[in-house]
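J.: Okay, predicted coordinates and the sequence, questions at the end:
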Amino acid sequence: MVVLWKKLLREILSNKGVYFSCILVIVIGLLSYTSMSIVLENLERAQGKFYEDTQFADGFIRLTGYPENQVNSLENLTGVEKVEGRIVKDARLPEDEEGRNRSLRLVSMPFPEQPQLNRVELIKGNIPRGNSPELLLDPKFMAANQLAVGDSLTLILEGRVVHFTIVGEAQSPEFIYAMRSAQDLYPDPETFGIAYVPTSFYKNLVKEGNLVNDLVFSLEPGGNFEDVKLLLEKELAPYGLQSIFPQKDQTSHAILQGELTNLATMANSLPMVFLGVSSIILYTMLRRLMEQQRGSIGTMKAFGFTNGEIIRHYLNYPLFIGGVGGVLGGLSGVGSAYPLTTLYGEFFALPGLESTFSIKYFLFGMVFSLGFSLLSGLKVSLDILRLDPTEAMRAPAPLSTRKTPFEKIPHLWQRFSSLTQMGLRNAFRVPTRSIFTIVGMAVVFSLMTVSWSLNNMMDKLTVYQFREIQTYDVKIAFNSPTFSESLRYTLAHEPGVSHVEPLLEVPATLRNQWLEKDVALIGIYPNSTLYHVLNQKGEKIPLPSDGIILSERLAKLLNVKKGDLILVESPFARNYEEGQEKSLVVQEVVPQYIGINGFMEIGTLQKLLEQEGIATSAILQVYEGDIGALKKKYQDADLVGSVESVKESLAMVEEMIETYGFTIYFLAVLAGVAGFALIYTSNIISLSERQRELASLRVLGLTPKEIMVVISSEQWLLTSCGIILGIPLSFALMEGMAVSMSSDLFAIPKEIPLGAFAGAVGGTLFSVWVAQTRAYRKVKTLPFVEILATKE
Amino acid sequence: MSLLRGKGIRKTYLTGEVQIEVLKGLDFEIVEGEFIVILGQSGSGKTTLLNIMGGMSTPTSGELYYRGEPLHNADEVKLNAYRRSSVGFVFQHYNLIPNLTAYENIKLVADIAENPLSVNEVLQDMGLEDWAGHFPSQLSGGQQQRVAIGRALVKNPDLLLCDEPTGALDSKTGIQVLRALLKLSRENRKTIVIITHNIEIAKMAQRVFYLKDGLFEKVEVNDYPLKPEELLW
């Protein structure tokens, strides 16, 4: 019926502010749903195809050295299908003008043939010829360093200068997210990249060229990783086995997979929050509409409109709003999926990653939007069934006037002005609406709190690590475990060096009954001033002379607590043999935000390994001005794998945080918009319900400002309740996020800093203030004479 | 021919634990084309009777027939069909839909009728052709009531029930509205029932039912009904 559609459109236009804000909230919800879902699908499709095309391995092995000519024999082990041996070493580029520490991970490949597993996809150029100084580079490193196919590249490998020619750009499934180490958190293509070098040439460059230090393998169909791992451990133990881990723990894959999981969680949860808020707005608005139009409903019934016809008409309101919001949100989501996919492409080097138009998610989004909207209108519309036409045409019975809880405290109640008392009473007269508004505000508040907490989260994951835990200035990592008093003496006497400590990081398997986890154990110098273990409160705790300190996540994975015993086995142990386990007491459980580790005093760890005096790196306190010279001197040394300056890492991380800052503010603004929409609706409804009362006050001589007190006191009460309810909700939301997003690479801190609450309170109050400013304009233009002249 | 016949119509409301009998057993018969006024003071039960006649509610006991079809035991679907096809309502406060124009208010009802009249013709009959695009708030009380009559009329019902149609109008506008109703009765042979407490309006009816405390006090046949303009307000 065209006339009824005109009625609907005019009603919506006459309250465009509220309906527009509701549409906006739906658009935000659907934009996030559609765009994230499409991006997720794009990523998963590209990942699946790339893994298949390149035969991504099922398992990864790191060891000191295994004879290259024996690699094929490993394929005879039950469950193993194919094995590929590689030489993987880091090579340094000569320092550029900016003095940056740039390195490439060189992976050997049987060029001109492709390997059986972890092949590379050639993006540009040609495959290197065998036994030639040619290499393929990862595209991100090439772009970040303005390199092109045909350029020559000088590398320093094990102290030897080698000149290569770049013959092409290629990508391996192993380095989609290429990080120097798991501790880096972000790839930095300017300073770190991957290069693929012909094995025949590579083996002549390194000292033990007939040994491979890295193996990848695939499982036979139906093969079990754990069974194969046991067989491989036995076989490889004499060759300095460091770790065997499945595809799911491979750093690049784990990060990509973690991102996909987070994206899926966000794509499903964030839209629900916004659609929930829009439902509250729609429900409140439709309830008021129904109250206002009960006369029209009665008249329509009197003229013979069926209940079905009237219900359909009133359901068209939410369906229209949901439809418009759905179309706009869906289209903007589809539109933003393109730049978002490109943005993901900046972080994840996935060949074939491209955005495709997906009508599926647009339609799903429409179904969600219409479904939520319909649900919010259903209850109200069904009330039409109960409305008797004769009763509908009479004015509704006055609302109950029971005393509010405030009135039971006369001292408090008397302190309020009459206008405030009116406002407070109104909040209690329509409890359902008040409860909905409070719940909506609580959701908005908690969303804001979590947004602001992301700041703290990023800080804990990055800056905190460098400022509070790893307080050294320079870390010199050795090629193989070593250390001696003379080395320490030498380093301590370098210009600018004020303190030197050894650090021992070794792979180990920790076990508690059937639960086990492969982690790195960190041995720290007693009373270290350069590497700290901190408790929940951020206080430094001393390292026990026996036993081990575990990170919270590790303790949880192993299901142990302080005082429990765990079994430890490390391939770094002298005369290591499979099953050579030692028990350790868990002395403390501490929070750890990056990685999962066990911490021990270095001497205790050396004793456990029966390797007196070894260390894998030296950490130094160095005067800032001398760091450059120190790096220059040691980075080419035979013994040294890398020299890392914490300041450089910190600067890189801080730069990265700035880009994340945008996300934080964006989320907070979205939550603010939802809060504004909620309060604005509540204001407008309150205004429309009470316009006769407020018009009378205007006639009595009250100013618009004074009248606003009635409206605002109700809103402030609801907002305060929303904030109070929002506090536990924020903790629950943060806990949920921490549980769902934490991984072996990083742990999301559960605590919410006071600043985040302050930010959320500020944001909420700001959106309330904006909404009230809008409502104040309406109060100022209230046509009070006309209102009083119309019938009730 | 009998259009509407009531026998022993009673209506009781339960307010808390108190039973209030509003109609106490009414018998009546209304013939097609009649112009009837039901006269009574506030609380006499006029509106309750009109609601029962219009199928908006059912009697607690008694029988009601429209063209011989029982309505007293009809379910909501049947009552709705009756209201949809046979009855037109005119209310004291017009009950127009505020965000529809005069034309659209009438068109809305025409859209659900089986044999509707032309909306433009109805507007013309009501002298509202120049006001078709105006919203209720832009019309005078008399114009609004004429839109309301037009809306009741457009579906071409046999029975027009008017609840204090001039109650909110001044005398001049009231007479305009009554003239429109009388024209419908004379020219279109519509049966018109007006309930009012205004004794002057009764003078233009063919029959007057005097309702007091839920009972017909008397029923008068008016052999010489006055024209609306002859009424003294």
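T.: Alright, I've got the coordinates.

J.: Excluding chain neighbours, what is closest to residue A:44?
T.: Closest residue in space to residue A:44, ignoring its immediate chain neighbours: residue A:260 at 6.4 Å, by Cβ to Cβ, 6 or more residues apart in numbering or on different chains. Using the backbone N, CA and C atoms, a C-beta is placed for each residue, glycine as well.

J.: I'd assumed residue A:42 was in contact with that neighbour.
T.: No - the pair residue A:260 and residue A:42 does not pass the contact test of Cβ atoms under 8 Å, sitting 10.8 Å apart.

J.: residue ranges with poor pLDDT in the stretch 301-450 of chain A?
T.: Applying pLDDT under 70 to the stretch 301-450 of chain A flags the ranges A:395, A:397-401.

J.: and if you look at chain B?
T.: For chain B, the ranges with pLDDT under 70 are B:233.

J.: So which residue is smack in the middle of it?
T.: residue B:161 (1.4 Å; Cα atoms, centre = their mean).

J.: what helix or strand is residue A:452 on?
T.: Using DSSP states H and E, residue A:452 sits in helix A:431-461.

J.: Now find how far off-centre that helix is within its chain.
T.: Offset of helix A:431-461 from its chain centre (Cα atoms, centre = their mean, to the nearest Å): 17 Å.

J.: try stretch A:344-361
T.: The answer for stretch A:344-361 is 19 Å, by Cα atoms, centre = their mean.

J.: quick revisit: does the residue nearest to the centre of chain B touch residue B:54 like I think?
T.: Yes - using Cβ under 8 Å, residue B:161 is in contact with residue B:54, at 4.8 Å.

J.: where do the contact lists of these two overlap?
T.: Counting by Cβ atoms under 8 Å, 6 or more residues apart in numbering or on different chains, the shared contacts of residue B:161 and residue B:54 are B:87, B:89.

J.: Residue of chain B closest to chain A, please.
T.: Here chain B gets closest to chain A at one residue, residue B:84, 2.6 Å apart by Cβ to the nearest Cβ.

J.: does that residue belong to a helix or a strand, and which?
T.: Judged by DSSP H and E, residue B:84 forms part of helix B:76-86.

J.: Kindly report the same for residue A:749.
T.: Going by DSSP H and E, residue A:749 is not part of any helix or strand.

J.: now do residue B:103
T.: helix B:102-110.

J.: who does that helix touch, helix- and strand-wise?
T.: Applying 3 or more Cβ pairs under 8 Å, 6 or more residues apart in numbering or on different chains; DSSP states H and E, we find helix B:102-110 packed against helix A:2-14, helix B:119-125, helix B:141-154.

J.: just the angle between the first one and helix B:102-110, please?
T.: Between the direction of helix A:2-14 and that of helix B:102-110, the angle (axes from the mean of the first three to the mean of the last three Cα atoms, to 10 degrees) works out to 130 degrees.

J.: neighbouring contacts of helix A:2-14?
T.: Here helix A:2-14 has contacts from A:19, A:289, A:313, A:316-317, A:320-321, B:97, B:99-100, B:104, B:107-108, B:111, using Cβ under 8 Å, 6+ apart.

J.: Give me the subset of those residues that lies in helices.
T.: Residues of the contacts of helix A:2-14 located in helices (DSSP state H): A:19, A:289, A:313, A:316-317, A:320-321, B:104, B:107-108.

J.: Any chance of JSON lines for those, columns neighbour count?
T.: What follows is the ones in helices among the contacts of helix A:2-14, written out as JSON lines (neighbours: other Cβ atoms under 10 Å in any protein chain shown):
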{"residue": "A:19", "neighbour count": "22"}
{"residue": "A:289", "neighbour count": "20"}
{"residue": "A:313", "neighbour count": "20"}
{"residue": "A:316", "neighbour count": "18"}
{"residue": "A:317", "neighbour count": "23"}
{"residue": "A:320", "neighbour count": "18"}
{"residue": "A:321", "neighbour count": "27"}
{"residue": "B:104", "neighbour count": "22"}
{"residue": "B:107", "neighbour count": "23"}
{"residue": "B:108", "neighbour count": "26"}
